[in-house]
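sequence and predicted structure below; questions after.
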Amino acid sequence: MNPTVIKSMKPIITVALAGVVSCFVTGCETTGLSLREHSGVDYPGYVLSLRPSNSRIVANKVAPPIRLAVAQIGESAPPRKMLEDLQQRTDLITSVISLPLPGEATRSYGYNNTPEKAPDYAGRIQTVCQLAQASGADYIFLFGGNMDTWSKASQLSLLDITIIGGVLIPSTEINLEGKGAGVLIDAATGQPVFFVNTENKLSKYTPDFLQDDKKTELMVQGRDDLVQKTTDEFLRQLASQRSK
């Protein structure tokens, strides 16, 4: 074979081999239900700072309808759709207000690699409870969660060596697994009343060159779905309190 031809084929062969390897490579990324909720400042940290009652009966006592405050970790306010859904259940909730709740911790930008300052979870909970009471709320629904995403290339990724293949052929599968969690807190005592847990799984195929955009779209869809499931489960559990 002509040496010139062989030389010109080397880049193509290299790219093709990389495509074969990518069929077996996966990557995983974890984020919070909010982009500003992350490991170290997240739902478990807030929940573990609560002050449970020594009496299970007292801790679980709630009689709807209630006046409710809602706070999502990492957000200045919960999603509007969630607040609207809660406001429609006048048989369970007489009023709904939204409260902010910090997510990200203070970071150090010096040259001494100082770790992030640990958040004062207990202090934040106390402040949120005081704000809720000052706003006329009896209880706070605090919620957050986490989302794991990863991508996996299929055999079709071999066609990504061409621009057309990378843009048009859905060779990459994007997967998402999410978990939503929330707790109803007595604003007067700071004690947990009941807990809510939800989860979802989503996936979609996408051309490799469009992977980042499609991943973002899937995460938005996953967040919206988890918030809705968390809202529905919260209302179901609140309704069940009427029979206790």
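That came through, no problem.

could you use CA atoms for every contact and neighbour count after this?
OK.

low-confidence stretches in the chain?
Across the chain, the ranges flagged by pLDDT under 70 are 1-27, 53-60, 104-116, 153-171, 208-211, 243-244.

go with 50
2-25, 57, 106, 108-111, 156, 158-160, 162-168 (pLDDT under 50).

just give me the residue closest to the centre of it.
Leu33 (1.4 Å; Cα atoms, centre = their mean).

tell me the contacts of it?
Neighbour list for Leu33: Gly144, Gly145, Asn146, Met147, Gly180, Arg223 [criterion: Cα atoms under 8 Å, 6 or more residues apart in numbering].

again with Gln133
In this structure, Gln133 makes contact with Ala187, Ala188, judged by Cα under 8 Å, 6+ apart.

ok, then the element right after the helix or strand hosting it?
Per DSSP states H and E: Gln133 is located in helix 121-134. The element immediately downstream of helix 121-134 (helix or strand, assigned by DSSP H and E) is strand 139-153.

can you show me the strands along the chain?
For the chain, the strands defined by DSSP state E cover 26-32, 66-72, 93-99, 139-153, 172-186, 192-206.

and the helix ranked longest in the chain, what does it pack onto?
Longest helix in the chain, counting residues (DSSP state H): helix 211-240. For helix 211-240, the packing partners by 3 or more Cα pairs under 8 Å, 6 or more residues apart in numbering; DSSP states H and E come out as helix 80-88, strand 172-186, strand 192-206.

for it, buried residues please.
Across helix 211-240, burial judged by 16 or more other Cα atoms under 10 Å covers 211, 214-215, 218-219, 222-235, 238-239.

for the residue nearest to the centre of the chain, phi and psi?
phi -60, psi -30 (degrees, to the nearest 10).

likewise Ser49?
Backbone torsions for Ser49, taken as degrees, to the nearest 10, come to phi -90, psi 0.

same check, this time on Ser76
phi -80, psi -20.

for the spatially closest residue to it that is not a sequence neighbour, which residues are in contact?
Distance criterion Cα to Cα, 6 or more residues apart in numbering; nearest residue to Ser76, sequence neighbours excluded, is Pro100 at 4.1 Å. By Cα under 8 Å, 6+ apart, Pro100 lies in contact with Ala71, Gln72, Ile73, Gly74, Glu75, Ser76, Ala77.

by neighbour count, which of those residues wins?
The most crowded member of these is Ile73, carrying 28 neighbours; neighbours defined as other Cα atoms under 10 Å.

next, that one: phi, psi?
When read as degrees, to the nearest 10, the backbone of Ile73 gives phi -60, psi 130.

quick one: residues contacting Ala181.
Ala181 touches Tyr43, Phe143, Gly144, Gly145, Phe195, Val196, Asn197, Thr198, Thr230, counting by Cα under 8 Å, 6+ apart.

circling back to that earlier point, let's have the contacts of Pro100 in TSV, adding distance to Gly123.
Conversion of those to TSV gives the following (distance: Cα to Cα, whole Å):
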residue	distance to Gly123
Ala71	15
Gln72	16
Ile73	14
Gly74	16
Glu75	17
Ser76	18
Ala77	19
